[in-house]
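**Q** below are the sequence and a predicted model; questions follow.
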Amino acid sequence: MTNPKTYILGGYQTDFARNWARENKHISALMREAYEASLITTKVEPNDIKAAFIGNFAAELYCMQGHLGAFFVDFDPAFKGLPTTRLEGACASSALATLSAMAHIQAGIYDCIALVGVELMKTASPAQGGDYLGTAAWYEKESAGVEFPFPKLFGKLGDVYDSRYGLDDKHLARISDINYANARLNPNAQTRDWFMSYDHACSNNQYNTAVSGRIKVTDCSQVTDGAVCLYLASESFAADYARRSGTTLRQIPVIQGWGHTTAPIEFSTKVNDSENADYVLPWTRKAVTDAYQRAGINDCWELDAVETHDCFTTSEYMAIDHFGLTDPGKSWQAIEEGVIEINGKLPMNPSGGLIGCGHPVGATGARQLLDAYKQVTDTAGDYQIQNARRVATLNIGGTATANVCLIVGL
C-alpha cells in the first residue's frame, strides 16, 4: 500500500545573521516573525492551519523558556485551542518535527500543519553555549568538564577516518571554503559578508585557531539565532491550495522519501559497533538508503543536490561517502574532482550549509527542508541549482545519534 503524499507549500527563513539577543527580543518574537512572513510568502491563511509542530533543542537552557508550542497560539485569534507539539532531538529536532507532522497528515488527522524550527543561541557565552550543546551527547561521560565537547567529538570522527582510510585536512579546508563561497550567494546566510579562502581554512594560526584536535575555527558551524516556518499539507489540501494559487498540484513539491534511525548516544560505542562495517556510521547510512528506497531511487546520482549536516567539516566529509558519492573512506575523491561544488555533478550545501548559512540548532532541519523546496521550485535565487528536481536533506542530532534523511521532489 502506498502511503499518502505529504506536500510542502513553502515558507520563510529569518535572516541568520541577526543577533536577536542583542535586539533584546524573546524567542517568541523570533517564532512570530517566521510565522507572519511565511503567510506572505505562501498565501496560506491562518484558518487553513490545523496544528503546529515546533522543533527546538534547548530553549530551557538558552533562554529559560519551555512550552514553545503555546506561543504559536498567541500569533492569531484563530489559534486558540489549536493543537501544538514541541519536539526535541538535539540538532535533528525540526527534522523529527517534520516526521511527526508527516505522520499526522498521512493518518488523515490534520491536512495543513505549520512546521516551525527555532533556536535562540546568542544569549550564552561561548563556554556556556558549548556546555549546553554538550547535553546532545552523553553529558556525564562525554561533556561534563570538557571545554567545547562537540568540536572534540567531531574531531574524533575525523580521527576515525584517518585511522581507517587516511585523511588529509586540506580536504576539510576545501569543504569549508566551498560552503563559505556558497553562503555568499545566500541573502539569509550568517556568513554572507565574511572573508574566507582555501588558504585561510588551511592555516593554523591566531586567525584560525585550533578548537580541539584537528578541528579549527573554520571547520565549525556557526552559533546562530534563527527560525523557519513552513507548511506541510495533504494531497487534498494541496490540490485546493494549487487551485486558489493559480498553479497545479504537479508544481507543488512532495516529500518523496524519508529515513530515520537512532544510534547509541555515546560516540565511542558508535565507532566500536562500526569496526567491521563498510561505513563509519552505519545508522546514518541506513537513514539515507531507507530514504532512497522509499523515494524509489537507486542511488545519489538520481539527486540534483544535497543539503547535509555540516556541523563540522568532518560531518560533511562523512556525508559524502554515506550518501554514496564515493566508496567508503574515499570522500576526498568527490572533493578533489569538484563533484560537491555548486556547479558540480552533485552539489552539497548550495545554501552554505551549517558552516556558511548558520546553525540555529532546532531550526536546521526545517531550514534544510525549506531550501530543498526552493531548489525544486526554482526559487533559490543566486544559489539555485539549474534544473533541480530532486533534493535530499540529512539532519543529524548529537554525534549522528538521531539521523533523518528526507528527499524532496516534484
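**A** Thanks, I have the structure now. Numbers count the residues shown, from 1 in each chain.
**Q** when you work out contacts or count neighbours from here on, use the C-alpha atoms and nothing else.
**A** OK.
**Q** now the element after the helix or strand hosting Ala319, going C-ward?
**A** In the assignment (DSSP states H and E), Ala319 maps to helix 313-322. Going down the chain from helix 313-322, the next helix or strand is helix 331-336, by DSSP H and E.
**Q** check which residues of whatever helix or strand comes next after that following helix are buried.
**A** Sequence order places helix 353-356 as the next helix or strand after helix 331-336, per DSSP H and E. Buried residues in helix 353-356, counted by 16 or more other Cα atoms under 10 Å: Gly353, Leu354, Ile355, Gly356.
**Q** strands of the stretch 151-300 of the chain, start to end?
**A** Using DSSP state E, counting those that start in this stretch, the strands of the stretch 151-300 of the chain run over residues 210-212, 215-216, 226-233, 254-262.
**Q** which of those strands sits closest to Pro77?
**A** Distance to Pro77, taken as Cα to Cα, is lowest for strand 226-233 among the strands of the stretch 151-300 of the chain, at 18.4 Å.
**Q** please name every helix or strand in contact with the closest one.
**A** Helices and strands touching strand 226-233, as assessed by 3 or more Cα pairs under 8 Å, 6 or more residues apart in numbering; DSSP states H and E, comprise strand 7-13, helix 27-42, helix 93-106, strand 112-119, helix 364-376.
**Q** pull the residues that contact stretch 93-101.
**A** If you take Cα atoms under 8 Å, 6 or more residues apart in numbering as the criterion, stretch 93-101 is touched by 53-57, 86-89, 113, 115-117, 232, 361-366, 395, 397, 404.
**Q** still on that earlier bit, so which of the strands of the stretch 151-300 of the chain is the most packed in?
**A** Most buried of these, by mean neighbour count (mean count of other Cα atoms under 10 Å): strand 226-233, with a mean of 29.
**Q** pull that strand out as PDB, backbone CA atoms only.
**A** C-alpha atoms of strand 226-233 as PDB (Å, rounded to 0.1, in the frame of the first residue of the first chain):
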ATOM      1  CA  GLY A 226      17.100  31.800  13.700                       C
ATOM      2  CA  ALA A 227      13.700  30.400  12.900                       C
ATOM      3  CA  VAL A 228      11.900  28.800   9.900                       C
ATOM      4  CA  CYS A 229       8.200  28.300   9.400                       C
ATOM      5  CA  LEU A 230       6.900  26.300   6.500                       C
ATOM      6  CA  TYR A 231       3.700  24.300   5.700                       C
ATOM      7  CA  LEU A 232       3.100  20.600   5.100                       C
ATOM      8  CA  ALA A 233      -0.200  19.500   3.600                       C
END
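**Q** strand partners of that strand, parallel vs antiparallel please.
**A** Each strand paired with strand 226-233, and its direction, by DSSP bridges: strand 7-13 (antiparallel), strand 112-119 (antiparallel).
**Q** quick one: contacts of the helix or strand following the last one?
**A** Spelled out, it's strand 112-119. With elements assigned by DSSP H and E, the helix or strand that comes after strand 112-119 is helix 126-133. The contact list for helix 126-133, computed with Cα under 8 Å, 6+ apart, reads Ala58, Leu61, Tyr62, Met121, Ser143, Ala144, Val146, Glu147, Phe148, Pro149, Phe150.
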